[in-house]
Structure formats: C-alpha cells, structure tokens
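A.B. asks: Got a sequence here, can you build the structure:
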Amino acid sequence: MSFLSRGRVNDVKPFIDRRAAELVAQLGDGEVHDFVTTVGDRLPIEVIAVAMGLSEDAAVRLRELTVNMWLELSAGHPGGPAFQELSDLFSTELSSRRLVPRDDFLDYLLRVEVKGSPLTDEQRANYLRGAAVAGHETTVNAASNLVIELVSVTVSSLCKS
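C.D. replies: Just a heads-up that it's a prediction; the model follows:
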C-alpha cells in the first residue's frame, strides 16, 4: 500500500477524528485561544506524521520540536537541544519500525537503497528532520492563510448585511 493511498488515509481517519475533537475541545475550556495555534498548526502536522508512519505520541511531540528547532536555527544555533531531541525521536521511531514492519513511509525508508546501498540511520534522520522542519513551515503558512481568508469572507459577508 502506498503511504498516502486512500487505504492509508482511511487507516489514519480514527486518529484524525479523535485528535481534531481533542484540539477543538480546548477552544471551549473558557480560556482565550488562538485557533491557528491550538488547532491549525497542530492537526495537519500530526496527521501527516501519523500517515507517514510515526506513532501518535511522536506525531504530537513533533510540532513542539520543530518549533524549537526553528527558534534554534533563527538564533544561529543549528544542532541545539531540539535538533538532538528530534534526532532521538526519529531514531526511536525507526528502531520500533524495524521490530514491527508496516507498509508505510518509515518502513520504505528502512528498505530504500541508493546506488545499491541502504541509507544509514544518519541519512534517514537527516531526511526526516528536513521533512519535519519544511513541513512545519509550509503547514503553518497554509493554516494562517486559510484563517485570513475565512475571516475576510466572514467580514465581507457581515459588511454586505
């Protein structure tokens, strides 16, 4: 099965439903929340991570680590604590996948060869870190633009009324 096939997305649907309900429930706790930060930043990253084969716990932790890694990079500290934590997270996930193979992207990453040689664990971790950091940036930008568009349409509709 392809890791982003209809079947894989259907496998992830219970996680999507449960996690979306958990995040949206936080909006009704009587505190002031930012929708993008509470739901928009988190849910897409977590869903993609689970679809790729990360455990649910790792997927939930991923956002915090990518935020911290961005902060380290912007402060001129590549390779700081968040970088190491992210590396450790991916190493743990890859080790788990070796023990229990599944038909997902992590399993593929363990099997892939370049010029007849398997990737090293460092190469796998580098790939996953890059994908996580780039995916975080893309997802945050897309979620922010969606909220801006929704607010614009709502305000425009109210002005016409």
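
A.B. asks: Tell me if I'm right that residue 104 and residue 55 touch.
C.D. replies: No - assessed by C-beta atoms under 8 Å, residue 104 is found out of contact with residue 55, at 11.2 Å. The C-beta positions use only the backbone N, C-alpha and C, and glycine is treated the same way.

A.B. asks: So these two - more neighbours on which side?
C.D. replies: Shown here are residue 104 and residue 55; by other C-beta atoms under 10 Å, residue 104 has more neighbours (21 against 16).

A.B. asks: How many neighbouring residues does the closest residue to the more buried one other than its chain neighbours have?
C.D. replies: With sequence-adjacent residues excluded and distances taken as C-beta to C-beta, 6 or more residues apart in numbering, residue 104 is closest to residue 53, at 3.4 Å. Residue 53: 23 surrounding residues under other C-beta under 10 Å.

A.B. asks: quick one: residue 53 from residue 67, how far?
C.D. replies: Here the criterion is C-beta to C-beta, to the nearest Å. By it, residue 53 lies 22 Å from residue 67.

A.B. asks: Then residue 45?
C.D. replies: Residue 45 is 10 Å from residue 67, by C-beta to C-beta.

A.B. asks: More neighbours: which of these two?
C.D. replies: Between residue 45 and residue 67, residue 45 has the larger neighbour count (other C-beta under 10 Å), namely 22 against 15.

A.B. asks: surely the more buried one meets residue 62?
C.D. replies: Yes - look at residue 45 against residue 62 with C-beta under 8 Å: they come within range, at 6.1 Å.

A.B. asks: contacting residues for residue 90?
C.D. replies: 124-125, 128-129 (C-beta atoms under 8 Å, 6 or more residues apart in numbering).

A.B. asks: you'd agree it is in a helix?
C.D. replies: Yes - counting by DSSP: H, G, I helix; E, B strand; the rest coil, residue 90 is found in a helix.
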